[in-house]
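Student: Next input, structure requested:
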Amino acid sequence: MEIDRIDRPTREQYEEYILKNQPFIITGVVNNWVSFKEKWIPSENIKDDYFLSILDQDIPVREIGFEVGEWLGKTKNINFSIFWEKWREHYFICKNNNNNNNNNNNNNNNNNNNNNNNNNNNNNNNNNNNKEPRYYLASLPIQTYFKELINDFEIPEIPKEQNKNGNLWIGFKDQVTPLHHDWSSGDPGMDGLHAIIIGKKLFKLFDPVLNVSCFKRKKEWGHFHQSEFDLDNPDFNKFPEAKNYKMIEVQLNQGEMLFIPKLWWHYVKTLEPSISINFWFQHIGSELLKCNTLWCHMEQYLNAVFEMDTTIISNEKFKKIIQFLTNGGGNNNDNNNNNNNNNNNNNNNNNNNNNNNNNNNNNNNNNNNNNNNNNNNNNNNNNNNNNNNNNNNNNDQDKDGYEDIIIQQYKDDPLKLIQLPKFINSFSNAVNNPLFKNHPKKDQFKLEITEKVNQWVENKKKSKIK
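Tutor: You can find the predicted model right below:
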C-alpha cells in the first residue's frame, strides 16, 4: 500500500490527515533547514567538525551489543565527543563502501560475482562488529541536552504551538526500534512527526484498527505500548494471530518527514547511519477518536494492564507506582501535618495569652502553681516522649507490614490499580493542554472517555464474579 506524499503541506492538510488517522510523507520542509543544508553534515577533517566544536557534555545513550536483554539497550552516560567520533567513523566507512560498490558497478557490469562477494564480506564485517557494544542516541530532548542546536531546525507549526521541542536520534546502520506505538505515562497515545537530516530509515507501519487483533502487548509495567511479536524473527506458532497483519512499508529518505498517527504500531530500522529529529504533540481531534474508532485499541491497553505480570515487580517499585497514580501518596499526610502544627501553634498562643491574664490577677499563686506545673509537665513530657518513641517504632513496623499487605492486594488485583485517579485521568490528559482550554469538545471528550474506562472496569468486575 502506498501512502501520500505532500510537498510543503498547509495547516489544513495536516489537520485532515490527523483527523483521518492516516500517515503521510512531508517533502520540501526539512531540506530547507540549515542542519540539512550544511551544518550537521560530518566534515572529513575532524578539526572542522561542527558537532565536536560545540558539544562536549555527558549524555545518556543506549548501549547495544549481543544479548543486552533490554528493549533499546542499557542506558549509559558517556561524553558526547566519544559517541560522535565512533558514529562519524562508522558514517565514513559506510559512505566509502557505498562509493566503492557504485564505482565497481559503473566500471564493469560483468563483475557482478566479485561485487556480490565484496558485499557479503562487508555484511560479515558488519555482523562481526555487531558483536561489540554499539551506542544508540535515542530520543534525547534537544531543549535539555543540545540547546546549541535549537536554531538549526524549525519546529513544525502544531508542536510549536504547544511549546514542544524536538528529540534527537543518531543511529548506526541496521539499528532497530522494535514494534511499538508512541506512549507516555501520562498519555496512552500521541501523534508524531519524524524528520531525517542524514541517512535513511525503513518504517513498517500498522493501522491500529486493521491490526487490532494481530499484536499482543507486553504485560510489563511501562512496556504496554510494546508488542511481544518480533518482526525480525517472527514466531507464528507462538503468535498465530500475527499472520493476518496488514503493513505499510515506507523508506524515508534524508530531507523527508513522516507523520505517524496516534496509536499506529511502527517498527524502524536505520538503513544508513542516520541523524533525525522527532516531534510529539497532542490534538483534540485525534483524542476524540479514542472514544470510537480507536476504542478497540484502548481496550487492548486496559487488558494488558489488567493481565500484567506483577510477580516480577518488587514491592518497593509497586509502592512507587501506587503513589504515582494517587498523585504522590504522602503529600496529603504532609498537608495534614502542617495543618495540625498550625492548629497546635494557635492553641499554644491562646493558652499563653490566657495564662498571662491569670498571672496579672494573681502573680504569687500563679508563680507557685506554674513552677509546680512546669515540673509536673516536664516529667510528663519526658514520659510522653519515651512513650511516643516506643509507639513510633511500633507504628513504623506496623506501617511496613500494612503497606506490604496493601501492595499485595494491588498485585493480586491490578483492577484496583486501573481505578486509581491518575490512571483513569491519563486517558483524557490532552484536555490539560492550554490550547484546548476553551475547546468546545474538551469536556465532552473527558466525560465520554472516563465513562468508557469506568464501564470497562465494571464489566471486568462482573466477569470476575462469574
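Student: make it CA atoms for all contacts and neighbour counts henceforth
Tutor: Noted.
Student: And the helices in the stretch 151-300 of the chain?
Tutor: 157-161, 284-288, 295-306 (DSSP state H, counting those that start in this stretch).
Student: Correct me if wrong, but Ile59 is in a strand.
Tutor: Yes: per DSSP: H, G, I helix; E, B strand; the rest coil, Ile59 lies within a strand segment.
Student: just to revisit the earlier point, how about TSV for the helices of the stretch 151-300 of the chain, with distance to Thr270 and mean neighbour count added?
Tutor: Output for these, formatted as TSV (distance: least, CA to CA, whole Å; neighbours: other CA atoms under 10 Å):
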stretch	distance to Thr270	mean neighbour count
helix 157-161	25	15
helix 284-288	28	21
helix 295-306	28	18
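Student: I'd like to know which of these lies nearest to Ile6.
Tutor: Nearest of the helices of the stretch 151-300 of the chain to Ile6, taken as CA to CA: helix 157-161 at 15.8 Å.
Student: what's next to that closest one, contact-wise?
Tutor: Identification of contacts with helix 157-161 by CA atoms under 8 Å, 6 or more residues apart in numbering yields Arg11, Asn165, Phe279, Trp280, Phe281, Gln282, Leu435.
Student: Distance from the chain centre to stretch 412-422, please.
Tutor: In terms of CA atoms, centre = their mean, to the nearest Å, the centre of stretch 412-422 is set 20 Å apart from its chain centre.
Student: Now do that stretch, average pLDDT.
Tutor: Stretch 412-422 shows an average pLDDT of 93 in the prediction.
Student: Pull up the distance across it, start to finish.
Tutor: End-to-end distance for stretch 412-422, by CA to CA, to the nearest Å: 20 Å.
Student: about what we covered before: can I get the helices of the stretch 151-300 of the chain in JSON lines including mean pLDDT and distance to Asn454?
Tutor: Converted to JSON lines, the helices of the stretch 151-300 of the chain look like this (pLDDT from 0 to 100; distance: least, CA to CA, whole Å):
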{"stretch": "helix 157-161", "mean pLDDT": "94", "distance to Asn454": "31"}
{"stretch": "helix 284-288", "mean pLDDT": "92", "distance to Asn454": "17"}
{"stretch": "helix 295-306", "mean pLDDT": "94", "distance to Asn454": "11"}
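Student: picking up where we left off before, now, of the contacts of helix 157-161, which are buried?
Tutor: Asn165, Phe279, Trp280, Phe281, Gln282 (16 or more other CA atoms under 10 Å).
Student: just checking, the first one touches Leu193?
Tutor: Spelled out, that is Asn165. No: taking contacts as CA atoms under 8 Å, Asn165 lies outside contact range of Leu193: 11.5 Å.
Student: Return every residue with contacts to both of those two.
Tutor: Joint contacts of Asn165 and Leu193 (CA under 8 Å, 6+ apart) are Phe279.
Student: any weak-confidence spans in the stretch 151-300 of the chain?
Tutor: For the stretch 151-300 of the chain, residues meeting the criterion pLDDT under 70 lie at 185-186.
Student: where do the strands sit along it?
Tutor: With strands called from DSSP state E, counting those that start in this stretch, the stretch 151-300 of the chain shows them at 167-171, 176-180, 191-198, 200-206, 248-253, 257-260, 265-270, 274-281.
Student: beta partners for Asp7?
Tutor: Thr27 (DSSP bridges).
Student: Now Cys413. Nearest residue, chain neighbours left out?
Tutor: Heads up, residue 413 is Asp, not Cys. Using CA to CA, 6 or more residues apart in numbering and skipping the chain neighbours, the partner closest in space to Asp413 is Phe306 (7.9 Å).
Student: Check the contacts of helix 157-161 and tell me the two furthest apart.
Tutor: Arg11 and Asn165 (18.3 Å).
Student: related to what we said a few turns ago, there's contact between the residue nearest to Asp413 and Lys411 in this structure, I believe.
Tutor: No: the criterion here is CA under 8 Å, and Phe306 misses it with Lys411 at 10.1 Å.
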